[in-house]
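S.K.: With the sequence up front, the predicted model follows.
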Amino acid sequence: MLAPYRRVLSTPGALAFSSAGVLARLPLSMVTLSIVLMVTALYDEYGLAGQITGAYAASQAIFSPRLARLIDRFGQARVMRPALAVCMTSLLGMVIAATVGAPVGWLYLTAALTGATTGSVGAMVRARWNHALTDPSRLHTAYAYEAVLDETVFMTGPVIATLLATMISPTAGLLVAVLAAGTGGFWFLAQRATEPVPTGRPAKEGRRSVLRSGGLLAVVLVFFATGVVFGASDVSAVAYSEEHGAKAWAGVMLACMAAGSLTGGLAYGARTWVLDLWKRFMIGVLLLAAGMCLFLLVNSLAMLAVTMFIAGLAIAPTMINGNGLVQQLVPRARLTEGFAWESTAIWVGFAVGTSVAGAAVDAYGSVGSYRVLAGAGAIAALLAIIAAPRLRAAHLRSAAHP
């Protein structure tokens, strides 16, 4: 099963830029939680922590696609080197402001500036894979490999952040995030041989969003609903574990879902599929929705762990297919922007999912969050079904003009 992955990683420069990309996007899985841990420890206000992370997430959602558009036009290194320097500086500024007990306005400012200049490392890595590989089957395996790395990052990042903040210092998680972002980011950007050629397209064209493509908009909406699933699943695991007097097991429950996704992604990416990509995307979303409905049957921690694993099996394949559709729906010269919209949709959905599921837990207990999970899965499936004609039409156009 690992042979296809060895083949794509033997592509000149691939292992280096993919490895750098892992380190560079580790902070993405650490910063939000690290901000919460730091602010609650130093200011003792959970509401303030939520507002600061909200400012960071909102700024990232607004500016990430715009930054990606500049990257496509002018090049990854030219745009992201100064952006990364600003991002690291503002994150350090947040740590300093919190440490000295500065007015909270400084926390909002530095959080917003950090989010605005973070960029989407995952989008840039996938754009490099698309630049390096021409064989669709190998590109499919490369996307699968990156999906597996994403799961690994999101399994380990929160654990690292928690350990650093609780065992060393409330600010340690953010300081390590700055170090990882700088080391991984500048290492990645230094690899100019594998960087996609910038388009330098006219300013008028650059103002037109790739979301004008109905097919891409449909995929982005499906991924928003999928992000709601991710956010609600986090809240559900914590709420159910706490109700059963085992809050410490919440991390294990979430690791079960990540392990399921990792397993599904490895198996899915190792195969070459004959079925059309849009059909595989549809099937993946429907299976994901079915997996979310299983949560309504959970009646023990053991059953929750099994359900999390089973539900996770469809996550990475769905992400892989979504990346493939972006590559099919977006002009090659604007892939970074397309991938950035996809990741932005997931993050916005994640924030909505945690908020809605949290309110449902307050009102109905953990069963309320499971209803949110099942509902979000159903909405994702409905959106995929509605989008099917557009995705099929895009597939036919791609087949006619490869």
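M.R.: Looks like it arrived, so ask away. Because the structure is a prediction, the values reported are computed rather than measured. Numbers count the residues shown, from 1 in each chain.

S.K.: And for the spatially most central residue of the chain, nearest residue in space, chain neighbours not counted?
M.R.: Nearest to the mean C-alpha position of the chain, by C-alpha atoms, centre = their mean, lies Ser343 at 5.1 Å. Of all residues not flanking Ser343 in the chain, Ser120 sits nearest, at 5.2 Å (C-beta to C-beta, 6 or more residues apart in numbering). (Each C-beta comes from the backbone N, C-alpha and C, glycine too.)

S.K.: and that neighbour, how many neighbours does it have?
M.R.: The number of residues packed near Ser120 is 27, by other C-beta atoms under 10 Å.

S.K.: Kindly provide the distance from the residue nearest to the centre of the chain to Ser10.
M.R.: Distance of Ser343 to Ser10, computed by C-beta to C-beta, to the nearest Å: 27 Å.

S.K.: before we move on, back to that, next one: phi and psi at the residue nearest to the centre of the chain?
M.R.: phi -70, psi -30 (degrees, to the nearest 10).

S.K.: quick one, helices of the stretch 251-400 of the chain?
M.R.: 277-293, 301-312, 315-329, 335-364, 366-400 (DSSP state H, counting those that start in this stretch).

S.K.: want to throw those helices into TSV with mean pLDDT?
M.R.: Putting the helices of the stretch 251-400 of the chain into TSV (pLDDT from 0 to 100) gives the following:
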stretch	mean pLDDT
helix 277-293	91
helix 301-312	89
helix 315-329	85
helix 335-364	81
helix 366-400	84
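
S.K.: TSV for these, including distance to Arg128?
M.R.: Output for the helices of the stretch 251-400 of the chain, formatted as TSV (distance: least, C-beta to C-beta, whole Å):
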stretch	distance to Arg128
helix 277-293	21
helix 301-312	27
helix 315-329	12
helix 335-364	10
helix 366-400	21
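
S.K.: Need the winner for burial among these.
M.R.: Highest mean neighbour count among the helices of the stretch 251-400 of the chain (mean count of other C-beta atoms under 10 Å): helix 315-329, with a mean of 25.

S.K.: which helices and strands does it pack with?
M.R.: helix 121-132, helix 136-167, helix 214-243, helix 250-269, helix 277-293, helix 335-364, helix 366-400 (3 or more C-beta pairs under 8 Å, 6 or more residues apart in numbering; DSSP states H and E).

S.K.: coming back round to it: quick one, which of the helices of the stretch 251-400 of the chain is nearest to Thr110?
M.R.: Among the helices of the stretch 251-400 of the chain, the nearest to Thr110 by C-beta to C-beta is helix 335-364 (19.0 Å).

S.K.: Could you list every helix and strand in contact with the closest one?
M.R.: Using 3+ C-beta pairs under 8 Å, 6+ apart: helix 335-364 touches helix 46-74, helix 121-132, helix 214-243, helix 315-329, helix 366-400.

S.K.: angle of that helix against helix 46-74?
M.R.: 160 degrees (axes from the mean of the first three to the mean of the last three C-alpha atoms, to 10 degrees).

S.K.: and the angle from helix 335-364 to helix 136-167?
M.R.: 50 degrees.

S.K.: I'd like the numbering to begin with 49 instead of 1 from here.
M.R.: In the new count, where the first residue is 49, that last one comes out as helix 383-412.

S.K.: roughly how far out does helix 383-412 sit from the chain middle?
M.R.: Helix 383-412 sits 10 Å away from the centroid of its parent chain (C-alpha atoms, centre = their mean, to the nearest Å).

S.K.: now do stretch 136-148
M.R.: 25 Å.

S.K.: who's in contact with it?
M.R.: 79, 83, 86-87, 90-91, 150, 154-155, 158-159, 161-162, 165, 218-219, 222-223, 225-226, 229-230 (C-beta atoms under 8 Å, 6 or more residues apart in numbering).

S.K.: Could you pick out the buried ones from those?
M.R.: Among those, the ones that count as buried by 16 or more other C-beta atoms under 10 Å are 79, 83, 86-87, 90-91, 155, 158-159, 161-162, 165, 218-219, 222-223, 225-226, 229-230.

S.K.: and the residue nearest to Thr200 when sequence neighbours are not counted, how many residues sit next to it?
M.R.: Ranked by C-beta to C-beta, 6+ apart and with sequence neighbours excluded, the top spatial neighbour of Thr200 is Leu310, at 6.9 Å. Per other C-beta under 10 Å, the neighbour tally for Leu310 reads 22.

S.K.: So Leu310 versus Leu334, what's the distance?
M.R.: Distance from Leu310 to Leu334, by C-beta to C-beta: 21 Å.
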